[in-house]
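Undergrad: sequence and predicted structure are below.
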Amino acid sequence: MTEHQTLLDAATKAAQLGGEVLNRYLSEGVQMRDKSSAGGKTYDLVSDADLDSEKAIGEYLGNLFPDHELLGEEDLDGDVNADHLWVIDPLDGTNNYAHGIPHFAVSIAHYHLGKPTVGVIFNPARNDLFTAAENHGAYRNGKKMKVCDSNSLAQTLVGCGFYYDRGAMMRSTLNAVEEFFGHDIHGIRRFGTASLDLCQVGCGQFGVFFEYQLSPWDFAAGRLFVEEAGGRVTDGRGDPLPLEMSSVVASNGQLHDIAIEITARHHPSNEFSDS
């Protein structure tokens, strides 16, 4: 068995373990809490389901690979500069989960020397499994996926996401959406689970996906899925995607330059620029 296959099998099993936790809480009832606890807002939610899913994933991977670092959304604070790093989102799409919408996922990626080597995104509500390994392609439930071959925005759907900020970042996103509509796109879709949105690019359903602020656990696995399906992923200005909080643009590759023109023009950081 190759090293990639060993890592991919481990990531798949870990994602399924996390998914079992999420499904159990969903069937028994789950109480959501606001992470920020600021002003009574309930934008950024968390629950025991998130925490227990991450614990199950972390224990499984930690036992298999005791020398690897673990970075997760909730309690895992591994070193991003480590030779071997697992990047874990135990529940992506928390607001969907909180409202009983079966569009959420566990996302797990392995990075070696700062580069993604395997990625797994699993929607346990639909038993939908997306896997990718470096130089080995992207697969949905065992079937090889590829990005769409559209060379015009007018031939595509565009996906987007909104961060919890309801101010400048929201306005930037809406302004970019308006400009995308000006290119006669088929429509905008906002499903609220970035890891699955990226998979929709890799599966040829979206020509472009963008969001102005995502954490590494939101995009680490999905990025590799898009790239292995023949697409391209950068930050919102077209620069290489860092393993830290960042804007993200993913596309089929052919549409990337025009997408970046739009997302860069409306990038929220422009509001604070001296230029």
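TA: Arrived safely, thanks for sending.
Undergrad: below-threshold pLDDT in the protein: ranges please.
TA: Low-confidence segments of the chain, defined by pLDDT under 70: 1, 30-46, 165, 271-275.
Undergrad: at 90 what do you get?
TA: Across the chain, the ranges flagged by pLDDT under 90 are 1-4, 25-51, 72-82, 94-95, 98-100, 162-170, 268-275.
Undergrad: would you point out which residue is most central in it?
TA: Ser195 (2.7 Å; C-alpha atoms, centre = their mean).
Undergrad: which ones are touching that residue?
TA: Going by C-beta atoms under 8 Å, 6 or more residues apart in numbering, Ser195 touches 89, 92-93, 105, 107, 121, 218-219, 221-222. For the C-beta atoms, the positions are set from N, CA and C on the backbone; glycine is no exception.
Undergrad: buried sites along the longest helix belonging to the chain?
TA: If you go by DSSP state H, the chain has its longest helix at helix 3-28. Neighbour-count burial for helix 3-28, counted by 16 or more other C-beta atoms under 10 Å, picks out 4, 7-8, 10-19, 21-22, 25-26.
Undergrad: buried residues in stretch 252-266, which are they?
TA: Residues of stretch 252-266 classed as buried by neighbour count (16+ other C-beta under 10 Å): 252-256, 258-260, 262-264, 266.
Undergrad: for Ala221, helix, strand, or coil?
TA: The three-state assignment at Ala221 reads helix, by DSSP: H, G, I helix; E, B strand; the rest coil.
Undergrad: just give the nearest non-adjacent residue to it, would you?
TA: Ranked by C-beta to C-beta, 6 or more residues apart in numbering and with sequence neighbours excluded, the top spatial neighbour of Ala221 is Gly119, at 3.2 Å.
Undergrad: please report how far the residue nearest to the centre of the chain lies from Tyr25.
TA: Remark: distance between Ser195 and Tyr25 (C-beta to C-beta, to the nearest Å) = 19 Å.
Undergrad: what about the strands in the stretch 51-200 of the chain?
TA: 69-72, 84-92, 105-112, 115-123, 128-133, 137-140, 143-144, 157-160, 187-189 (DSSP state E, counting those that start in this stretch).
Undergrad: closest to Asn175 out of those strands?
TA: Nearest to Asn175, of all the strands of the stretch 51-200 of the chain, is strand 157-160, at 11.5 Å by C-beta to C-beta.
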